[in-house]
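*Asks:* Return atomic coordinates for the entry below.
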Amino acid sequence: MEKKYTPLDDRILGRRKEEAGTTRGGLSIHYSAKDKPQEGEVISVGKGKTNDEGKLFPLAVMEGDAILFGKYSGTEIKIDGEDFLIMKEEEVLGVISGAAKKEAAKKETVGAKK
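*Replies:* Sure, this is the predicted structure:
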């Protein structure tokens with residue numbers, strides 16, 4: 001049975017996007033020399049923020065969104081051996097739109113060249 005983690009309030013559960021281990025020239029980069037990726041994917045979101053009157057404001061990000069965040073944002077945790085990041089919505093710098101379309105277009109272009 002797979003565990004489902006749902007953050008509370010205005011928290012977001014995300015996963016950092018893995019960066020390539022080589023440079024454009026083909027040189028390998030040691031894991032300790034790499035910077036932490038500042039791009040990731042939203043895995044799960046809380047219900048939202050409530051004000052003093054009890055009114056609920058839903059989050060602007062949704063599950064599956066590609067997001068940008070600060071290098072030291074959130075708290076790193078491990079769930080079932082997998083690395084995740086829990087952060088507040090206000091720590092998200094922006095949502096990346098069209099990222100999946102670009103990757104799909106690249107794959108189609110590469111496939112057409114063969």
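*Asks:* and Glu90, that one's in a helix?
*Replies:* Yes: using DSSP: H, G, I helix; E, B strand; the rest coil, the assignment for Glu90 is a helix.
*Asks:* okay but it is in contact with Asp10, surely?
*Replies:* Yes: if you go by Cβ atoms under 8 Å, Glu90 and Asp10 touch, sitting 7.5 Å apart. In short, each C-beta sits where N, CA and C put it, glycine included.
*Asks:* out of these two, which sits in the more crowded spot?
*Replies:* Asp10 (19 against 9; other Cβ atoms under 10 Å).
*Asks:* Let me see the contact set for the closest residue to that one other than its chain neighbours.
*Replies:* Once flanking residues are discounted, Asp10 sits nearest to Lys49: 4.3 Å by Cβ to Cβ, 6 or more residues apart in numbering. Residues near Lys49 by Cβ atoms under 8 Å, 6 or more residues apart in numbering: 9-10, 56-57, 59, 89.
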